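Mind looking at a prediction? Sequence and model below.
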Amino acid sequence: MNPNYELPLDEADYSFGFLDEFAKREVRRTILKAISIPGYQTPYASREMPMGRGFGTGGLQLTLSLIGQDDTLKVIDQGSDDSVNAVNLRHFVELTCPGVNTTERTTEATLIQSRHRIPEVDLTESQVLILQVPYPDPLVVVEPSEAKRKVMHGEGDYSRLLTKLYEDIVQFDEITISHRYPTRINGHYVIDPSPIPRYDVPRLYRSKALILLGAGREKKIYAVPPYTVTEPLAFDDVPFRTEDFRDANGHRRACGRCGATDSFLDELIAEDGSKAWQCSDSDYCNQRLAELAQEVSA
Amino acid sequence: MGYVAIKGGGRAIRGAEAALETLRTAEGDAGTPLSLSTIENQLRLLTSRIVSEGGLYHPRLAALAVKQMQGDTLEAAFALRAYRSTKPRLLEAPVQDSGEMRLIRRISSAFKDIPGGQMLGPTSDYALRLMRLDLANESPESFRDVARRFMDNVPETDLPDCFPKVVDALRAEGLLPAIDGPAGTPFDITRDPLVFPVARSAALATMARAETGSLLAIAYSNMRGYGDVHPTIAELRVGYLPVMLPHPVTGEPVEAGEVLMTECEVVAMYEGSDTDGPPVFTLGYGACFGHNEVKAIAMAILDRALQKGMRDGPRNPSEDPEFVLLHVDGVDSMGFASHYKMPHYVTFQSDMDRLRTTQAKVTQPRRQGENA
Amino acid sequence: MKKILEVRNLTKIHGRGCPQCIDSTGPEADTNICPHCGSVVAAYGVSFDLHAGEILGIMGESGSGKSTVVKTLYFDDAPSAGEAIVFDEARQWNLFALNAAEQRWLRNHRLGMVYQNPHLGLNFNVSAGGNIAERLLMSDLAHYGEIRERARRLLARTEVLPERMDESPKKFSGGMQQRVQIAKALATQPPLLYLDEVTTGLDLSVQARILDLILEIQQELNTAMIVVTHDLGVIRLLAGRTIVMKYGRIIESGLTDQILEDPQHAYTQRLVASAL
């Protein structure tokens, strides 16, 4: 290399949203296509982001391509705003998108980027939920070749996936898929709805908010447009079931902090070995606590 | 019990950054910060790996990445890739003729006499891997003396020059298939995702950016018996390729700079073909930024294996385009391996729910009507 | 008699082909490889009809093109030329004019295939019952209990012990694997079933029981079948009418009894003589 060459130091100044404008435009075009074909895994040239593939680079590219200065962003991981990865992603957006607001309140956000959860509070038409996806294709468990999976998706051929459910019931008397539950979108494409728990799957159904799913490493974007019909794969006589938070006596467990009995619970093990349950959605839990405090003071 | 499960992320990240920085400067008063020029020159093969796996020819930034990532090649290549994402594309380079490379090294294991001759150049291939203890306490004076002595003895005529390519000679003899017309527009993996089946140019581009070790491992599986490429290196060359770009005003090609690169062409045994004419050898091609001979050879072998797999269907992993091309990228594979360190509380909760339910079923009667 | 399948001029050439391919191959040329371009003329000008409930035998040595015919009719392989029409209850299917999704639908709902190699017809990673379930799921049945009951009945009908329905067919004997394949092929009660060398490689006693099963099914369900075989015994037992093929061409066709008693073509005469 030229010995007189100096690194231009201003190269450290990144443009708004980190990605160059052409890349953001490409992502937006892909989003439009994904919305037009609900559930179709639209390929795009995923860019390298400065965090690891698998840490939400697909979701982040969606967020950075959509975010504008009027937007308010909420980032959660496992339902929490303050988990390491969520903090990291939120800082990155704050750093590269000056002027953008961030929030921990679900109701205040216009864009919500999430890993593994859908917020407990129902979303609205003016919100976009962006889910980070590690494995976009539900067929990968029955067919390793992407070329063959593409044909199966195109023809709506999910019999092998259903056969896997059949085999599950034969073997375990129960469908054993815990999360990433295959879900049919708008009567055709079956998606991997990202590793949300089964508890969150029914909340995709006719969601008022646009739900975008981004898989950075696998270079796919897909969408569940607002008010779209979504159906988790199941048999007529073996229905889809969400996680069971009942104790041995059949009572619904409550959050040990806010007392909620209508939320997805994290199971915590205290140092003395005893178990406790708390809301996985930290904003939901905090809001409930604030309301309770208000009632008490009033 | 407090709400402790995943709180305090922000503070934890700042602490981790500080700890990392402390380790980088752990020598304290006795230490000197590494200069980028030192890394670029004295660790030139490391820098070579980074420019090639990072997919951006910028040795100085590669050196910075090595310094920042404390010598982790995967992370350094990753940082260079991420930097690349911020830059708009200004121009698409036309296809460059690697015959114009100014060579510092070229060998052929197929022929003793090749047009232009063999040139061993800078290689440790024939050196004994003995520890050179004299380097342990090398003085700056002796370091400079070595450089000075070499430059004094180099005649002007020994400066790198270009040579004809060995495969052109084989092709002229009819031992290699003729080139099918002018190359079409190559597939651009930075602008189009791989959607299988992919063109050969997409495979080549993917492998050119691939992680050296991953590429080597899959190529090695083919050489050892999970495949049938028995390659001979027609030519391996290392040198500086002038990059010709159209002049912004006249449109004439002008030399805009040069890139150090390694190129390898292997020939493998011929096979019967459906096409007309006599049987010919088949060719595998490998090339990458920087000086990285193992990567270029591994890529050439895999190119040949993939061409076979694309034509006849894969018979082993190294012939399967999806298997090879989706698993050799260092940024993808390293990132995904690392992501397992992130919390998976929700999915694990869900797993436990399924396990407990199915465990409970074992002791309960089966679904009605079943006689299992 | 109701026609169920009409095949006209079915042709399959492997390779790029040349204008001399057809004239340079066939029984007279004593080869199916074109000496000019090296292409293989696997089948040329194959035409026949099949009627409801009828069993048609296609007989020939390896390389005669007999398997090629059923592979193209089951969409495993695309023909180079020709036409085939399936006459279903209310409508007709012009097989080679259908798009991929229509072909898949027809294959799943209205056609059945039993291969010589059970690996081609069965998924060894799922249970015997799961294999039948897969075919029922393909035809949009989504009730677990009903799928299970139908799989049980089909396996019982093909004499596979229902206790073994949750085991992988890879643990089964060759004869059992063919029974599972037959049960799977029949799962959607197709009016048309292809059997490609289904008893080849099995013990004689096992062969006989499977052939009996096929005959029983044909009588119970009135399923039309094409039986591809090199075995005159299979033809004699199953087929009402027979086609004899050599090097991709039909050299003789007619009632099975007639062909076996009074073969016209020299090749057929040799075949029949050698089997006596």
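Yes, it's here.

roughly how far apart are B:Arg49 and chain A?
Applying Cβ to the nearest Cβ, to the nearest Å, the value for B:Arg49 to chain A is 16 Å. Using the backbone N, CA and C atoms, a C-beta is placed for each residue, glycine as well.

Helix, strand, or coil at that residue?
The three-state assignment at B:Arg49 reads helix, by DSSP: H, G, I helix; E, B strand; the rest coil.

check contacts around the closest residue to it other than its chain neighbours.
With Cβ to Cβ, 6 or more residues apart in numbering or on different chains as the measure, B:Thr73 is the residue that lies nearest to B:Arg49, at 5.4 Å, once sequence neighbours are left out. Applying Cβ atoms under 8 Å, 6 or more residues apart in numbering or on different chains, we find B:Thr73 in contact with B:46, B:49-50, B:53, B:66, B:330.

Now with 10 Å, please.
By Cβ atoms under 10 Å, 6 or more residues apart in numbering or on different chains, the contact set of B:Thr73 is B:46, B:49-50, B:53-54, B:65-66, B:211-213, B:330, B:334.

any idea which of the residues you listed is closest to B:Asn137?
Nearest to B:Asn137 out of the contacts of B:Thr73 is B:Leu46 (Cβ to Cβ; 22.0 Å).

which phi and psi does the closest one have?
Backbone geometry at B:Leu46, expressed as degrees, to the nearest 10, gives phi -70, psi -50.

And the closest residue to it other than its chain neighbours, how far from chain A?
Take B:Leu46 and drop its neighbours on the chain: the residue closest to it by Cβ to Cβ, 6+ apart is B:Val66, 6.0 Å away. Using Cβ to the nearest Cβ, we find B:Val66 at a distance of 14 Å from chain A.

Let's verify B:Val66: helix, strand, or coil?
Bear in mind the rule, three-state DSSP; under it B:Val66 is helix.

isn't it right up against B:Leu34?
Yes - B:Val66 is within contact range of B:Leu34, at 8.4 Å (criterion: Cβ atoms under 10 Å).

Look at the two and report which has more neighbours.
Using other Cβ atoms under 10 Å in any protein chain shown, the more surrounded residue of B:Val66 and B:Leu34 is B:Val66, with 26 against 16.

How about the contacts made by that one?
B:34, B:36, B:39-40, B:43, B:46-47, B:49-50, B:72-73, B:75-77, B:79-80.

Show me how chain A divides into domains.
By the assignment in automatic domain parsing, chain A contains the domains A:9-141+A:150-232, A:245-298.

circling back: can you check which residues contact both of B:Val66 and B:Leu34?
Overlap of the contact sets of B:Val66 and B:Leu34 (by Cβ under 10 Å, 6+ apart) consists of B:Leu43.

Figure out which of the domains of chain A is closest to chain C.
domain A:9-141+A:150-232 (4.2 Å; Cβ to the nearest Cβ).

tell me the phi and psi of A:Tyr5?
Given degrees, to the nearest 10, the pair of backbone angles that A:Tyr5 has is phi -70, psi 130.

That should have said C:Ile22, apologies.
According to degrees, to the nearest 10, the main-chain angles of C:Ile22 amount to phi -70, psi -50.

So which of the contacts of B:Val66 belong to helices?
Among the contacts of B:Val66, the members falling in helices (DSSP state H) are B:36, B:39-40, B:46-47, B:49-50, B:73, B:75-77, B:79-80.

For those, which two are the farthest from each other?
B:Glu40 and B:Glu75, at 17.6 Å, using Cβ to Cβ across the ones in helices among the contacts of B:Val66.

coming back round to it: per-residue pLDDT, the residue nearest to B:Arg49?
Predicted confidence (pLDDT) at B:Thr73: the value is 97.

before we move on, what about A:Asp13?
Per-residue confidence (pLDDT) for A:Asp13: 68.

Need the contact partners of stretch B:222-230.
Defining contact as Cβ under 10 Å, 6+ apart, one finds that stretch B:222-230 is touched by B:216, B:218-221, B:231, B:266, B:268-269, B:271, B:282, B:284, B:297-298, B:300-306, B:308-309, B:314-319, B:324.

same thing but at 7 Å, please
Residues from elsewhere that reach stretch B:222-230, judged by Cβ atoms under 7 Å, 6 or more residues apart in numbering or on different chains: B:221, B:268-269, B:301, B:304-305, B:316-319.
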